[in-house]
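Q: Just need the structure, nothing else, for what follows:
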Amino acid sequence: MKFLALCVGMLYIGMLHAQTAIRGKITDQQTGEALSGATVKAGTLVTMTSADGAFAIQLQQGVAYVTASFAGYETMRVPLSAQQPY
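A: This is a model prediction of the structure:
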């Protein structure tokens, strides 16, 4: 089974804002090849990766996981922590 690699950079918009934006890139774990069109879900918000595997999505307050999926690959669920950037 193929596995996804999810590189996520958390960007803090500010201490007073209720939302946080994250950006990342979805790649094949073995080859490092970017996966265009992978689905990234955070709470009720969903986006797809660009041609180079990149994505950006807003996190709603209380979202604990980001999920990434792509046809033929195992779905990846990454827990988020306000204390730790990814």
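Q: Report how many residues lie close to residue 33.
A: Counted with other Cβ atoms under 10 Å, the neighbours of residue 33 add up to 11. (Each C-beta comes from the backbone N, C-alpha and C, glycine too.)
Q: hang on, it packs against residue 27?
A: Yes. Here residue 33 reaches residue 27: they are 6.2 Å apart, a contact under Cβ atoms under 8 Å.
Q: which secondary element of this protein has the worst mean pLDDT?
A: Least confident element among the helices and strands of the chain, by mean pLDDT, DSSP states H and E: strand 2-11 (a mean of 59).
Q: Which SSE is immediately downstream of that strand?
A: strand 20-28 (DSSP states H and E).
Q: how far out from the middle of the chain is that following strand?
A: 4 Å (Cα atoms, centre = their mean, to the nearest Å).
Q: Who are the packing partners of that strand?
A: If contacts are counted by 3 or more Cβ pairs under 8 Å, 6 or more residues apart in numbering; DSSP states H and E, strand 20-28 sits against strand 2-11, strand 39-42, strand 54-59, strand 65-69.
Q: pLDDT (mean, whole number) over that strand?
A: Mean pLDDT, computed over strand 20-28, is 86.
Q: what angle separates it from strand 65-69?
A: 30 degrees (axes from the mean of the first three to the mean of the last three Cα atoms, to 10 degrees).
Q: how about low-confidence regions in the chain?
A: 1, 5-19, 81-86 (pLDDT under 70).
Q: do that again at 80, thanks
A: Across the chain, the ranges flagged by pLDDT under 80 are 1-20, 80-86.
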